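**Q** can't give you the sequence, but here's the structure:
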DNA sequence: GACGGTCGTTCCGTATACGGAACGATTGTC
DNA sequence: GACAATCGTTCCGTATACGGAACGACCGTC
């Protein structure tokens, strides 16, 4: 039994009283709302739920309905799963090029470096050329299935299942699924923080070109 | 009354809908239940909810309460976020050894091989010895921060930020955070399917020791 | 082929989550 | 300082999600 997200929500035998507000859905919703500069009244109005409902939800004094949660999280623009604590950082953002489909799994923000972890899928036979990234950016690929030709456009490498490839991606580089199988791979992109880059950790629209 | 119960989560004006996860909570719960070989009556009894409630939930004819969802998903042993479509495979299961804390990010099930992707954290100075895995299992680590000594117990390697290490983990192997920084790393474990292993794709309790 | 066991669904009275209205508190305006 | 506007909370009647019981269907066993 994989014990889930936060502290031991005690799923033993019959039912441990379940305490309505045990996991912090309410505070999370509230934080999401406040991050957007919305008042409770405003969000309630936009989401089409009563203020009483939203107030009770945020304070954990109610036991909200799935429908209510849907209405509120939809208006906040987050997947419901995230509001329930799936993963605070990223969940399922998708990038897509002509050939490469990538799902952003994780972003790690450290002091001087950012890592982005993607799952990639490249249809058999497809090929994509991506422009250079910033200086110092490196990509690290683990192939799950299929055979991948990847790397700098003038010197790509081949990788089969279980193999790793890393390269400096500050030059144009290619991705290609050779053979007749789709390529599944994990891509880790490492962005060293350039001197003077002060972008706040939250404005994350500059999604990389893969 | 907010309708939009099923499909068309139409959060019109402000946001681009953000791909919610399709919302078929009922069928998902049903699938999770059936994968575990539980009858509706049995699960209802164990979770401490009425059969009517569970039936209605699975069939989508009710609008379940968060408390109800908690009770059911807790008994199924999955994070609620997963039942709501966060990620069909895995989200947030945690493994923990004497020194290594690992969060399972992803599981890829292919025909002849399974990959598990973890995020690891090892406190500065900590060290852990892990027993051998099955024959053919390999581990692939990408270090995010800190310096990691890792690999077969008799010949570990060193890796700093951005570096990869791979090794055959069918022998006892060590993890150690050298230096004064916590180690953050990504761990990919590759389990080739052994001949004759027919474990169904979902009975996942044999969580690896890291 | 009657019987006890279990399956998933439906019916029903009760508990409760719902939206709307009223509330006191706070803020900005004249 | 009176006033209007808005904040988040609380009160209240109604809609509805809840658990329990009854239901028909489908097994095995004798």
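**A** Right, received. Where do you want to start? Small disclaimer: the values here were computed from a predicted structure and weren't measured.
**Q** Neighbours of residue A:170, how many?
**A** Residue A:170 is flanked by 14 other residues according to other C-beta atoms under 10 Å in any protein chain shown. The C-beta positions use only the backbone N, C-alpha and C, and glycine is treated the same way.
**Q** thought it was touching residue A:133?
**A** Yes - at 5.5 Å, residue A:170 and residue A:133 qualify as touching, with contact defined as C-beta atoms under 8 Å.
**Q** So residue A:54 sits against residue A:44, correct?
**A** Yes - Residue A:54 is within contact range of residue A:44, at 4.4 Å (criterion: C-beta under 8 Å).
**Q** what about those two, which has more around it?
**A** A count of neighbours by other C-beta under 10 Å puts residue A:54 above the other of residue A:54 and residue A:44, at 25 against 22.
**Q** mind listing the helices for chain A?
**A** Counting by DSSP state H, chain A has these helices, from start to end: A:25-35, A:40-47, A:51-59, A:66-76, A:80-83.
**Q** Does DNA strand C have contacts with the last one?
**A** No - contact of helix A:80-83 with DNA strand C (C-beta under 7 Å from any atom of the strand) is absent, the minimum separation being 13.4 Å.
**Q** Dump the helices of chain A into CSV; add mean pLDDT and distance to DNA strand D as well.
**A** Output for these, formatted as CSV (pLDDT from 0 to 100; distance: least, C-beta to the nearest atom of the strand, whole Å):
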stretch, mean pLDDT, distance to DNA strand D
helix A:25-35, 84, 8
helix A:40-47, 91, 3
helix A:51-59, 91, 3
helix A:66-76, 88, 7
helix A:80-83, 74, 16
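**Q** Could I get those helices in TSV, plus columns for distance to residue A:125?
**A** Shown next, in TSV, are those (distance: least, C-beta to C-beta, whole Å):
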stretch	distance to residue A:125
helix A:25-35	42
helix A:40-47	46
helix A:51-59	50
helix A:66-76	38
helix A:80-83	34
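**Q** what number of residues lie near the nearest residue to residue A:187 once chain neighbours are set aside?
**A** Closest residue to residue A:187 apart from its sequence neighbours, by C-beta to C-beta, 6 or more residues apart in numbering or on different chains: residue A:118 at 4.2 Å. Residues lying near residue A:118 (other C-beta under 10 Å) number 24.
**Q** Also the one 10 residues further on?
**A** Residue A:128 has 17 neighbouring residues, counting by other C-beta under 10 Å.
**Q** dump the residue contacts of the nearest residue to it once chain neighbours are set aside.
**A** Closest residue to residue A:128 apart from its sequence neighbours, by C-beta to C-beta, 6+ apart: residue A:99 at 3.8 Å. For residue A:99, the contact set (C-beta atoms under 8 Å, 6 or more residues apart in numbering or on different chains) comprises A:122, A:123, A:126, A:127, A:128, A:175, A:176, A:177.
**Q** Hmm, residue A:184 is touching residue A:142, no?
**A** No - judged on C-beta under 8 Å, residue A:184 makes no contact with residue A:142 at a distance of 9.7 Å.
**Q** Comparing those two, which residue is more hemmed in?
**A** residue A:142 (27 against 20).
**Q** Name whatever forms a beta bridge with the closest residue to the more buried one other than its chain neighbours.
**A** Using C-beta to C-beta, 6+ apart and skipping residues adjacent in sequence, the residue nearest residue A:142 is residue A:186, 4.4 Å away. Beta-bridge pairing for residue A:186 (DSSP bridges): residue A:119, residue A:142.
**Q** Please name the residues that touch residue A:186.
**A** A:117, A:118, A:119, A:120, A:141, A:142, A:144, B:115, B:117, B:188.
**Q** With residue A:142 instead?
**A** A:162, A:163, A:164, A:185, A:186, A:188, B:140, B:188.
**Q** Narrow those residues to just the buried residues.
**A** A:162, A:163, A:164, A:185, A:186, A:188, B:140, B:188 (16 or more other C-beta atoms under 10 Å in any protein chain shown).
**Q** what does chain A put close to DNA strand D?
**A** That would be A:39-42, A:51-52, A:55-56, A:58-59, A:61, A:65, A:67, which are the residues of chain A within reach of DNA strand D (C-beta under 7 Å from any atom of the strand).
**Q** which of those has the most neighbours?
**A** Ranking these using other C-beta under 10 Å puts residue A:58 first, with 23 neighbours.
**Q** rewinding a little: redo the buried ones among the contacts of residue A:142 as CSV? Include distance to residue B:80 and pLDDT.
**A** Shown next, in CSV, are those (distance: C-beta to C-beta, whole Å; pLDDT from 0 to 100):
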residue, distance to residue B:80, pLDDT
A:162, 34, 63
A:163, 37, 71
A:164, 35, 75
A:185, 30, 79
A:186, 26, 78
A:188, 29, 80
B:140, 31, 82
B:188, 27, 80
